[in-house]
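Asks: model this:
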Amino acid sequence: MQIIGHRGASGYAPENTLKAFELALSQGCEWLELDVHLLDSKLIVIHDDQLDRTTSGQGLISDHSLDAIRRLDAGDGEKVPYLDEVIKMVDGQATINIELKGPGTAQPTSALLDAWCLEHGADPNQFLLSSFNHRELGLTSPRYARGALFWKMPSDAIDRALSLDARYMNMALKHVTREWVSAAHTAGLKVAVYTVNEIDDIQRMARWGVDAIFCDYPDRGFQALE
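Replies: All right, here's what the predicted structure looks like:
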């Protein structure tokens, strides 16, 4: 079972910052997860559409200029990073799950990854694109694996994931069951579960055959599997 650094090692460092991603790599993560919004034709790595929770700023991202957001403190003196900054820092050390948060992110993200892979000879399998917005996810390049994100589990969740040609079905810990995991595997889908931080839950996911978990404390995840 893969331990995915959820927004980096966000239990220890400010989420979605270079510091958090570097720490996750140092803890042994071979997978990282991050979130992107599009602003002024640039992809920035931040979860919320509001600035208040994770930065020194206030209000909607869309009400600010890119320069203004880059001047904010995202925690411990970190900036809100650009997606290409994170990819450059990771440099193939881990697979990156890019969650499309804001509207209009599918095509710019695909184009950025295309350019990176062409310039650096990178394997497209180093990237997984996911979203709760399945319409947006369907606009991503088929070169990159897709992860269909679900909060609640509709009865046709597997059919929805398959219709997107998804490789992963990503579901919430509170809704995952052994039966869902088995049914997804039977359909040829891999299962990733978010957000799994407690030892008992981590070990239960492993017993159920889950393929990956999103964890804020990657070192705790590895210790639980040992």
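Asks: roughly how far does the residue lying closest to D40 once chain neighbours are set aside sit from H37?
Replies: Nearest residue to D40 in three dimensions, chain neighbours excluded: L66, at 4.4 Å (Cβ to Cβ, 6 or more residues apart in numbering). Placement of C-beta: from N, CA and C, glycine included. Distance, L66 to H37, by Cβ to Cβ, to the nearest Å: 11 Å.
Asks: okay, and the common contacts of the two?
Replies: In the contact map built from Cβ atoms under 8 Å, 6 or more residues apart in numbering, the residues linked to both L66 and H37 are I44.
Asks: more crowded one of the two?
Replies: Neighbour totals were compared for L66 and H37, and H37 leads with 23 against 15 (other Cβ atoms under 10 Å).
Asks: the more buried one: what's it in contact with?
Replies: Neighbour list for H37: 43-44, 46, 49, 61, 101-102, 105 [criterion: Cβ under 8 Å, 6+ apart].
Asks: same thing but 10 Å
Replies: Contacts here follow Cβ atoms under 10 Å, 6 or more residues apart in numbering; on that basis H37 touches 43-49, 61-62, 69, 80, 83, 100-105.
Asks: coming back round to it: for the residue nearest to D40, give me the pLDDT.
Replies: For L66, the model assigns a pLDDT of 98.
Asks: equivalent analysis for G102, please.
Replies: 86.
Asks: before we move on, what about D73?
Replies: 98.
Asks: assign it to helix, strand or coil.
Replies: Secondary structure, DSSP: H, G, I helix; E, B strand; the rest coil: D73 is coil.
Asks: which element is the nearest residue to it once chain neighbours are set aside on?
Replies: Once flanking residues are discounted, D73 sits nearest to S56: 4.2 Å by Cβ to Cβ, 6+ apart. For S56, there is no host helix or strand (DSSP states H and E).
Asks: would you map the helices across the chain?
Replies: Using DSSP state H, the helices of the chain run over 18-26, 66-70, 83-90, 106-120, 134-137, 157-163, 178-186, 199-207, 218-225.
Asks: same list, those helices, but as TSV with distance to A172 please.
Replies: Converted to TSV, the helices of the chain look like this (distance: least, Cβ to Cβ, whole Å):
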stretch	distance to A172
helix 18-26	21
helix 66-70	29
helix 83-90	25
helix 106-120	22
helix 134-137	16
helix 157-163	11
helix 178-186	11
helix 199-207	12
helix 218-225	17
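Asks: for A9, find the nearest of those.
Replies: Across the helices of the chain, A9 has its closest neighbour in helix 18-26 (4.1 Å, Cβ to Cβ).
Asks: for the most centrally placed residue in the chain, give its distance to P218.
Replies: The centre of the chain sits closest to E33, judged by Cα atoms, centre = their mean, with a distance of 3.0 Å. Note on E33: its distance to P218, by Cβ to Cβ, is 11 Å.
Asks: D52 - nearest residue in space that isn't next to it in sequence?
Replies: Distances taken as Cβ to Cβ, 6+ apart place Q58 nearest to D52, at 5.3 Å, with adjacent residues excluded.
Asks: cool, E85 as well?
Replies: Using Cβ to Cβ, 6+ apart, the nearest residue to E85 is L18, at 6.8 Å.
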